[in-house]
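Asks: return atomic coordinates for the entry below.
(one chain, ligands or ions: 1)
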Amino acid sequence: MKIDFANLQYQYKLYKDEIDEAIDEVLEKSNYIMGEEVAILENNLEKFTGAQYAITCSSGTDALLLAMMALDIQSGDEIITTPFTFIATAETIAFLGAKPVFADIDEKTYNIDPSKLEEKISSKTKAIIPVSLYGQPADMDVIQSIATKHNLKVIVDGAQSFGSTYKGKTDSNLGDISTTSFFPAKPLGCFGDGGAVFTNSEELATKMKSLRVHGQSKRYHHKYIGMGGRMDTLQCAIVNVKLKHYKKDLALRQEVAEKYTKVLKDKDIVLPFIDKNTTSVFAQYSIRVKERDKLQTKLKEKGIPTAVHYPMPLHLQECFEYLNYTKGDFPIAEQISQEIMSLPMNPYISDDEIAYITKVL
Ligand SMILES: Cc1ncc(COP(=O)(O)O)c(C=O)c1O
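Replies: Next up is the predicted model:
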């Protein structure tokens, strides 16, 4: 058997007629930049998430930049985040001249551990960026109460978690600003790069809309130093189609996760832990195993692709050497990065495939 990790081709074939029609319509109109599909998607995203404002942008990375720029993050500011995430979370902090300050993660959820936050706060701290890793929000009430107490902003990096919930609210409603990514392999993906920011603040929404188009207030009048951060009309048209089917696809992802868990729960493997306050969209189904490299090789031989999210925590990355962290600073993130391994995850994995993957494993 040969298993597909994200099975994007299958999904395209499933919705081909609708997607092709949506693409054709954009091509016919040739309204490639800020065409009407952009506003339609933003409206649909607002309806889906319950967030008052959804603003599409060029990627999940640029969504983080827009959020920090809107909150006036400046050179010399400090932002606390997790070392166990994709590079973009901390890279964008550094890109703006601010300093990423890491706090270790929770051993069960792998999200930032709120009990480690306060010791990291200094007079320069401006914001906290929790990441909803693998699709599950962090312990947001605790994080928010620490932020409120110290007058800090919260940006939720929801690149992996569109549609997840925390205490019944979608994670696009958490923090001052929440972001997401429509990278193709994300639970809600487009056919290239795309992303969005969400907020319930009219002021921040207006500012981010302006920052996304070079900080302009009206054509050729520029209020802020902004960026070219728009999402293409074509990509918005594609996400509009996929969003219609997203609830169903999400339920299927969650079913796949349940099926994996049911078979693997008595084995010598640490399975995903989903906190009772949250739902996960299972961007990844990541397990912890011993002798990971050997296991990955064996699985590959049997046609089962796996991935590691992420093999090296950010405080040990070469690009962050200047922050002077060393091995041992964040022992939980370091240990998990040695053991974590993601199994094939998409809504369309069949029962036979799950049986095969778990048997070989
Ligand atoms: C946690 C996290 N943040 C940010 C990003 C960046 O998103 P994009 O690839 O759309 O720029 C990703 C994408 O992999 C991510 O996983």
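Asks: going forward, measure contacts and count neighbours with C-alpha atoms only.
Replies: OK.
Asks: now the closest residue to Thr49 other than its chain neighbours. Its backbone dihedrals?
Replies: Closest residue to Thr49 apart from its sequence neighbours, by Cα to Cα, 6 or more residues apart in numbering: Thr170 at 5.7 Å. Backbone torsions of Thr170, given as degrees, to the nearest 10, read phi -70, psi 150.
Asks: roughly how far apart are Thr170 and the ligand?
Replies: As for Thr170, its distance to the ligand is 17 Å (criterion: Cα to the nearest ligand atom, to the nearest Å).
Asks: swap in Gln160?
Replies: On the measure of Cα to the nearest ligand atom, Gln160 and the ligand end up 5 Å apart.
Asks: now do the helix or strand containing Gln254: which elements does it pack against?
Replies: Under DSSP states H and E, the secondary-structure element containing Gln254 is helix 246-264. Applying 3 or more Cα pairs under 8 Å, 6 or more residues apart in numbering; DSSP states H and E, we find helix 246-264 packed against helix 351-360.
Asks: just say helix, strand or coil for Thr56.
Replies: With DSSP: H, G, I helix; E, B strand; the rest coil as the basis, Thr56 sits in strand.
Asks: list the beta-bridge partners for it.
Replies: Going by DSSP bridges, Thr56 is paired in beta bridges with Ala196.
Asks: count the neighbours of the closest residue to Pro331 other than its chain neighbours for me.
Replies: Distances taken as Cα to Cα, 6+ apart place Asp104 nearest to Pro331, at 7.5 Å, with adjacent residues excluded. A count of nearby residues for Asp104, using other Cα atoms under 10 Å, gives 23.
Asks: quick check: residues of the chain near the ligand?
Replies: Residues of the chain lying close to the ligand by Cα under 6 Å from any ligand atom are 59-61, 85-86, 88-89, 131, 157, 159-160, 181-183, 193-195.
Asks: do you have the helices of the chain handy? List them.
Replies: With helices called from DSSP state H, the chain shows them at 8-14, 16-29, 36-49, 60-70, 88-95, 140-149, 202-212, 233-244, 246-264, 292-301, 331-339, 351-360.
Asks: would you turn these into TSV with mean neighbour count and mean pLDDT?
Replies: As requested, those are exported to TSV (neighbours: other Cα atoms under 10 Å; pLDDT from 0 to 100):
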stretch	mean neighbour count	mean pLDDT
helix 8-14	13	96
helix 16-29	14	98
helix 36-49	19	98
helix 60-70	26	98
helix 88-95	21	98
helix 140-149	16	98
helix 202-212	20	98
helix 233-244	22	98
helix 246-264	17	98
helix 292-301	15	97
helix 331-339	20	98
helix 351-360	14	97
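Asks: need the ones you listed in a markdown table (columns: distance to Gly226).
Replies: Output for those, formatted as a markdown table (distance: least, Cα to Cα, whole Å):
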| stretch | distance to Gly226 |
| --- | --- |
| helix 8-14 | 33 |
| helix 16-29 | 27 |
| helix 36-49 | 19 |
| helix 60-70 | 8 |
| helix 88-95 | 14 |
| helix 140-149 | 26 |
| helix 202-212 | 4 |
| helix 233-244 | 20 |
| helix 246-264 | 32 |
| helix 292-301 | 43 |
| helix 331-339 | 34 |
| helix 351-360 | 47 |
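Asks: which of the ones you listed sits closest to Tyr285?
Replies: Closest approach to Tyr285 among these (Cα to Cα): helix 246-264, 6.6 Å.
Asks: how about the closest one as PDB, C-alpha atoms only?
Replies: Coordinates of each C-alpha in helix 246-264 appear next as PDB, following Å, rounded to 0.1, in the frame of the first residue of the first chain:
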ATOM      1  CA  TYR A 246     -14.800  22.700   5.700                       C
ATOM      2  CA  LYS A 247     -17.100  21.600   8.500                       C
ATOM      3  CA  LYS A 248     -17.500  18.200   6.900                       C
ATOM      4  CA  ASP A 249     -13.800  17.900   6.200                       C
ATOM      5  CA  LEU A 250     -13.000  18.800   9.700                       C
ATOM      6  CA  ALA A 251     -15.300  16.200  11.200                       C
ATOM      7  CA  LEU A 252     -13.600  13.600   9.000                       C
ATOM      8  CA  ARG A 253     -10.100  14.700  10.200                       C
ATOM      9  CA  GLN A 254     -11.300  14.400  13.800                       C
ATOM     10  CA  GLU A 255     -12.700  10.900  13.000                       C
ATOM     11  CA  VAL A 256      -9.400   9.900  11.500                       C
ATOM     12  CA  ALA A 257      -7.700  11.000  14.700                       C
ATOM     13  CA  GLU A 258     -10.100   9.100  16.800                       C
ATOM     14  CA  LYS A 259      -9.600   6.000  14.800                       C
ATOM     15  CA  TYR A 260      -5.800   6.300  15.100                       C
ATOM     16  CA  THR A 261      -6.200   6.800  18.900                       C
ATOM     17  CA  LYS A 262      -8.500   3.800  19.300                       C
ATOM     18  CA  VAL A 263      -6.000   1.400  17.800                       C
ATOM     19  CA  LEU A 264      -2.800   2.900  19.200                       C
END
